[in-house]
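Colleague: what's the 3D shape of this:
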Amino acid sequence: MNNFPMSISSFELIGIGNPIMDLLAHVPESFLTAHVAGEKGGMVLVDDTDIESLVAKLGTDYAVTPGGSAANAVLGATKLGLTTTFLGKIGGDVTARDYRANFTAAGGDGSRFKHTALPNGRCLSLVTPDGQRTMRTHLGAAMTLSPDEITVADFAGAKHAHIEGYLLFNPALAEKVATTARAAGCTISLELSSFEVVNAARDWILAQLQQGVHVVFANEDEVRALFQKDASYDAYARKLAGYGGIACVKIGQDGAWVAHGAELHRIAPVKVERVTDTTGAGDAWAGGFLYGHLRGSSLAGAGALGSALGAECVQHLGPAIPDMHWPRLRTFAQSLK
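Modeller: Okay, here's the model as predicted:
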């Protein structure tokens with residue numbers, strides 16, 4: 001167990017989720033036909049040996065970057081200037097060491113990671129010319145994080161906790177994380193992550209909204225699964241905000257709706273010439289919004305920053321925005337009110 005004195009550090013943001021290394025490659029349709037079982041698109045859990053086999057067939061033609069839904073959002077907020085840390089379990093292999101090194105090199109604090117001797121989680125994302133992703137994931141060390149390992153000390157000095165929806169596949173863990181974050185004095189945000197998450201944990205999500213979630217992020221499929229009926233996206237945002245928190249309903253290339261109390265804002269999309277890969281775009285949006293909100297921007301301003309990061313993300317392979325673009329994004333962030 002880690003014990004951190006309250007005076008050790010203060011963090012504006014702590015992310016909680018699965019620290020998974022992303023392996024990303026552009027492949028022709030023929031690669032999927034020849035080497036990947038199952039339907040194109042979506043995500044399938046596999047053994048680490050399955051990922052090794054596919055990587056061997058790719059040769060050296062792939063990129064490696066720290067991933068995981070909450071980690072993607074936190075890294076974006078970090079590069080904009082927030083003080084951040086992360087709670088999740090990494091392994092005892094080279095992938096784990098690289099993951100932690102990349103996270104800290106980006107400016108994040110690595111002291112809250114839990115450790116095990118197991119291999120680190122990895123996700124191989126195969127992107128075809130149409131921009132569609134076919135993912136094969138081995139959760140590895142990440143899936144061994146248990147509720148008993150979560151303590152108030154893990155949240156020491158943190159102002160806001162951002163929880164990824166994939167934790168909800170382990171209801172006991174998600175409950176312990178949310179309860180402990182609140183006990184430590186954190187406000188919390190919840191990224192619903194996928195409609196599969198919502199279908200599996202709908203009652204838990206609604207109960208958490210009743211208890212108080214400061215910010216909730218959902219895309220069009222997730223919010224539809226949550227409320228189980230069709231409505232306009234602005235109506236979804238108002239309904240979600242009716243629980244008392246800030247509602248962010250992301251609708252891809254059509255922008256987003258942000259609602260809180262009597263406020264309702266249509267967030268315009270940032271147009272891009274070419275979409276290369278949508279991996280991590282929603283996470284980038286959340287990272288931008290959290291930076292703006294935690295630094296005191298208006299809801300509209302925070303939403304505009306989220307839109308800017310999401311648009312930049314889709315123009316590159318994988319969730320990581322290249323370093324050359326961050327000075328411009330930081331300048332934009334600092335101009336917001």
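
Colleague: show the contacting residues for the residue minimising distance to the centre of the chain.
Modeller: Nearest to the mean C-alpha position of the chain, counting by CA atoms, centre = their mean, stands S69 at 2.4 Å. When contacts are counted by CB atoms under 8 Å, 6 or more residues apart in numbering, S69 touches 17-18, 164-166, 191, 193, 283. For every residue, glycine as well, the C-beta is placed using N, CA and C.

Colleague: what number of residues lie near M21?
Modeller: By other CB atoms under 10 Å, the residues close to M21 number 23.

Colleague: go on, V177?
Modeller: Other residues near V177 come to 25 when the count uses other CB under 10 Å.

Colleague: pull out the buried positions in the helix or strand hosting it.
Modeller: Element membership for V177, per DSSP states H and E: helix 171-183. Across helix 171-183, burial judged by 16 or more other CB atoms under 10 Å covers 173-178, 180-181.

Colleague: which other helices and strands contact the helix or strand of the chain with the lowest mean pLDDT?
Modeller: Within the chain, no helix or strand scores below strand 42-45, which has a mean of 80 by mean pLDDT, DSSP states H and E. Counting contacts by 3 or more CB pairs under 8 Å, 6 or more residues apart in numbering; DSSP states H and E, strand 42-45 packs against strand 133-138.

Colleague: please redo it, this time with the cut-off set to 10 Å
Modeller: strand 122-127, strand 133-138 (3 or more CB pairs under 10 Å, 6 or more residues apart in numbering; DSSP states H and E).

Colleague: in its sheet, what does that strand sit against?
Modeller: Paired strands of strand 42-45, with direction, are strand 133-138 (parallel) (DSSP bridges).

Colleague: distance between the partner strand and the chain's centre?
Modeller: Its chain's C-alpha centre lies 16 Å from the corresponding centre of strand 133-138 when counted by CA atoms, centre = their mean, to the nearest Å.

Colleague: pairing partners for whichever helix or strand comes after it, with directions?
Modeller: Counting by DSSP H and E, the element after strand 133-138 in chain order, helix or strand, is strand 158-164. Applying DSSP bridges, strand 158-164 is found paired with strand 11-16 (parallel), strand 187-191 (parallel).

Colleague: so which of those strands is the most surrounded?
Modeller: Neighbour counts (mean count of other CB atoms under 10 Å) averaged over each of these peak at strand 11-16, with a mean of 27.

Colleague: partner strands of the helix or strand just after it, parallel or antiparallel?
Modeller: Toward the C-terminus, strand 11-16 is succeeded by strand 20-26 as the next helix or strand (DSSP H and E). Here strand 20-26 has these sheet partners by DSSP bridges: strand 63-67 (antiparallel), strand 122-127 (parallel).

Colleague: what residue ranges in this structure score low on pLDDT?
Modeller: The chain contains residues with pLDDT under 70 at 1-9.

Colleague: longest helix in the protein, please.
Modeller: Secondary structure assigned by DSSP state H gives helix 195-211 as the longest helix of the chain.

Colleague: for it, packing partners?
Modeller: helix 171-183, strand 187-191, strand 215-219, helix 220-227.

Colleague: next, the angle helix 220-227 makes with it.
Modeller: Between helix 195-211 and helix 220-227, the angle comes out at 60 degrees (axes from the mean of the first three to the mean of the last three CA atoms, to 10 degrees).

Colleague: so helix 195-211 versus helix 171-183, what angle?
Modeller: Using the same axes, to 10 degrees: helix 195-211 against helix 171-183 is 40 degrees.

Colleague: quick one, helix 195-211 and strand 215-219 angle?
Modeller: 150 degrees.

Colleague: buried sites along helix 195-211?
Modeller: Neighbour-count burial for helix 195-211 flags 195-198, 200-201, 204-205, 208-209 (criterion: 16+ other CB under 10 Å).

Colleague: and for stretch 253-273?
Modeller: Of all the residues in stretch 253-273, those buried under the rule 16+ other CB under 10 Å are 255-260, 264-265, 267, 270.

Colleague: before we move on, the earlier item: on contacts alone, who are the packing partners of the next helix or strand after the least confident helix or strand of the chain?
Modeller: Counting by DSSP H and E, the next helix or strand C-terminal to strand 42-45 is helix 48-58. Judged by 3+ CB pairs under 10 Å, 6+ apart, the packing partners of helix 48-58 are strand 20-26, helix 29-35, strand 122-127, strand 133-138.
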